[in-house]
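> all I have is the shape, not the residue letters:
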């Protein structure tokens, strides 16, 4: 049990990593504000976990409404210590096929919404001089994927803004950790839950082959992901609290989560370095002569 009860605010707690992390934190004696658009659906979770309280939050709402929801949430315990931005969904489809509205919704849910939540909470955390922000990104931020580039790009944007935010808030005693999971066996790729496909009517015949490949790949991934969300949640908890397997370790700026995340991120970084070296001599021709 934790010697001091921390207060967590976790978004996307209806299922998956968010819900499992809420359970882990509650098990360790911490109090959890489990944020969701449908708090009534967490009644069973609350009844079996007295340290979990479901709260309403929809980070897709306008900033003023998010601020109002945050004020209500802060009033429950008077503060929060750890904020986990976890809610997201996957939009598939080719760029040419996806509508402007679908594109906006993807970035709103995966990038703008999480940032608006941080904006609403930062005045409180700065005033108390402490806090930990945990941004749940994705290994997908590191590579392109035909048929899923809106999702990958939204996570890439979140990645860099989160890492940049860390430097802005550290003088106020606020920490930040970017967690980039691989494929975990959650509902993220479930067509009836958190994955949204472009309408069949809007698909172009020119992309039929790649669309078919994307659809079949995601169907194969769903339910067969390598990552165990229960184990993943425990690792996140340990790393954020410097306990368990992370006993005594400082909070990392980046935590790839899962062996597939480690492999894919390493591969992407290596390919980038190789490309730089291949073109270094030609690229350097653009410089002024040294000393000029």
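Alright, I've got the coordinates. Here the structure is a predicted model, which means the values were calculated and not measured.
> where does the stretch 1-150 of the chain dip in pLDDT?
1-3 (pLDDT under 70).
> how about the spatially most central residue of the chain: what's its closest non-neighbour residue?
Residue closest to the average C-alpha location in the chain (C-alpha atoms, centre = their mean): residue 136, at 2.4 Å. Among residues not flanking residue 136 along the chain, residue 86 sits closest, at 4.4 Å (C-beta to C-beta, 6 or more residues apart in numbering). C-beta coordinates here come from the backbone N, C-alpha and C atoms, glycine included.
> the one you found against residue 15, yeah?
No. If you go by C-beta atoms under 8 Å, residue 86 and residue 15 don't touch, sitting 10.6 Å apart.
> who's more crowded, the two?
The neighbour count for residue 86 versus residue 15, taken as other C-beta atoms under 10 Å, is higher for residue 86 (23 against 17).
> quick one: contacts for that one?
Shown in contact with residue 86 (C-beta atoms under 8 Å, 6 or more residues apart in numbering): 10-13, 16-18, 21, 136.
> how about the contacts made by residue 109?
Residues in contact with residue 109 (C-beta under 8 Å, 6+ apart) are 59-60, 87-89, 154.
> show the buried residues in those.
59, 87-89, 154 (16 or more other C-beta atoms under 10 Å).
> among those residues, which ones are in helices?
residue 154 (DSSP state H).
> now do the SS call for the closest residue to residue 204 other than its chain neighbours.
Nearest residue to residue 204 in three dimensions, chain neighbours excluded: residue 97, at 5.8 Å (C-beta to C-beta, 6+ apart). For residue 97, the assignment made with DSSP: H, G, I helix; E, B strand; the rest coil gives coil.
> how many residues are close by residue 97?
Neighbours around residue 97, by other C-beta under 10 Å: 17.
> could you dump the contacts of residue 109 to TSV with distance to residue 39?
Output for those, formatted as TSV (distance: C-beta to C-beta, whole Å):
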residue	distance to residue 39
59	15
60	16
87	14
88	19
89	19
154	26
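> of all those residues, which comes closest to residue 113?
Among the contacts of residue 109, residue 59 lies closest to residue 113 (C-beta to C-beta), at 3.4 Å.
> now do the contacts for that closest one.
Contacts of residue 59 (C-beta under 8 Å, 6+ apart): 11, 66, 87, 109, 113-114, 116-117.
> from residue 196, how far off is it?
17 Å (C-beta to C-beta, to the nearest Å).
> where do the strands of the protein begin and end?
With DSSP state E as the criterion, the chain has strands at 7-10, 31-36, 52-56, 82-85, 90-91, 131-136, 174-181, 195-196, 254-257.
> of all these, which one is nearest residue 43?
Residue 43 lies closest to strand 52-56 among the strands of the chain, at 7.5 Å (C-beta to C-beta).
> on that earlier part again, where's the residue nearest to the centre of the chain relative to residue 89, distance?
If you go by C-beta to C-beta, the gap between residue 136 and residue 89 works out to 13 Å.
> mind checking which of the contacts of residue 86 land in helices?
16-18, 21.
> what is the nearest of these to residue 244?
Closest to residue 244, out of all of the ones in helices among the contacts of residue 86 and judged by C-beta to C-beta, is residue 21, at 13.4 Å.
> nearest residue to that closest one other than its sequence neighbours?
Closest to residue 21 by C-beta to C-beta, 6+ apart is residue 233, at 4.2 Å.
> that neighbour: neighbour count?
Other residues close to residue 233 by other C-beta under 10 Å number 23.
> also compute the angle for whichever helix in the chain runs longest relative to strand 174-181, please.
Counting by DSSP H, the longest helix found in the chain is helix 259-283. Following axes from the mean of the first three to the mean of the last three C-alpha atoms, to 10 degrees, one obtains 100 degrees for the angle between helix 259-283 and strand 174-181.
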